[in-house]
Structures are given as structure tokens and as C-alpha cells.
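Chemist: make a model of this:
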Amino acid sequence: MIPAVRSDIITVLKAAEGFIIKGNFSGLRGLSDHTIHNSSIFQDEDSISIAVVTYSLSKICESGVGRAWLVRASKLLGHARRHLERNEFSRYKSVVRKLTGFISSADARFRAYIQDVINQAQVRKGSRIYYHGISLARAADLLGVSQWELMGYAGRTQIIERYGAAGDVKKRLEFARGLF
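Modeler: Purely as a prediction, here's the structure:
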């Protein structure tokens, strides 16, 4: 696991535990957004799985579940965090699988959440590629999202207005080659 990803996941898991205990379910959604950003940068399975877990937890918690369910979810998050802190990656992955099973048993829409998180990550990554000078059509094609989704997200972020157009053609070409 990439050390920066490991460190960030530990932070996210710790924050998620706190948000669940305090009942701050919108905070969980914020963690999911943060983790989606990581998954779009590093394209790693662990960031994507934690993004899915935090997003799913936020949706389930907002729909109203019992205190016992919340305590169990928080304990599983704690177990995952402790295993990751100790570099016990196989145990960490095992607990994350238990956590996803626990979540899916509480909400039949879990598969839809997975698809939604992956789609959001793809759109965000496409927006960053577009910012670096690749055409909108090509960025959408590279990531398998529609141009409409990408335009909507890029328009909301106002990337070009905020940062200006990307550098010269040589830099843009180097960036594009770096993607492959």
C-alpha cells in the first residue's frame, strides 16, 4: 500500500468512527468526497473501498438505524484502523470485507452506492484531465463517462476560470503521456 494512502485511510477511519459516535452523518459524506479524491489520484483499490464504505455508511446512517447498528459499525471501523496502523494488511482487508458485508446486510442499495462512488471518482478524474489541456471529449472517453457528466462537473468546479488555461502544448502532451 502506498504510504500516503495508508496514512490518509487511517485518518479517514478515525474520523468516521467519531462522526458515527457523535451522529454527524454529513461528516461521513465529506470523508467520502475526500477519499474519492484520493482514489481518483492513486487509482488504488483501498481508497476506492473506503470511499464506498464511508459513502454507504453516510446513506444508511442518514436513513435512520438503531444505536446498536451504529456501535457495531464504529467498532468495525476501529478494528480496520488498528490493523492498518500495525501494517497488518491482510487483517485490515478482512475487516473491510466484514464491514462491507455488514453494510450490505443493512441496505440492499449497496451495489448502487458502489457504482455511484466509482462514477464520481471517474468524473472528478476526467475533470482534472480536462484541466490539464486534454479535450473534454477525450477525457470523457478515457474514463468511460459521458461528456454531459464531465461538463456538468467541470462547470461546477470552474477549474478554468480559477486557474486559467493549462500550460503550453509541450507540458500538456507530457501530462497526457504520463496518464498511460
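
Chemist: low-confidence ranges in this protein?
Modeler: Low-confidence segments of the chain (pLDDT under 70): 36-43, 107-126, 128-129, 132, 142-144, 153-169, 172.

Chemist: let's see that with 90 instead.
Modeler: For the chain, applying pLDDT under 90 flags the ranges 1-5, 18-74, 97, 99-180.

Chemist: now Cys61: closest residue in space, sequence neighbours ignored.
Modeler: Spatial nearest neighbour of Cys61, excluding adjacent residues (C-beta to C-beta, 6 or more residues apart in numbering): Phe25 at 4.2 Å. Backbone N, C-alpha and C define where each C-beta goes, glycine included.

Chemist: domain-wise, how is the chain divided?
Modeler: Domains of the chain are assigned by automatic domain parsing as 3-108, 115-179.

Chemist: from those domains, which stretch is densest packed?
Modeler: Mean neighbours per residue, mean count of other C-beta atoms under 10 Å, is largest over these for domain 3-108, with a mean of 18.

Chemist: just the helices in the chain please.
Modeler: Secondary structure of the chain (DSSP state H): helices located at 3-22, 25-42, 45-63, 67-85, 89-106, 110-131, 136-143, 147-157, 159-163, 169-179.

Chemist: now do the fifth one and helix 67-85, the angle between them.
Modeler: Here helix 89-106 runs at an angle of 160 degrees relative to helix 67-85 (axes from the mean of the first three to the mean of the last three C-alpha atoms, to 10 degrees).
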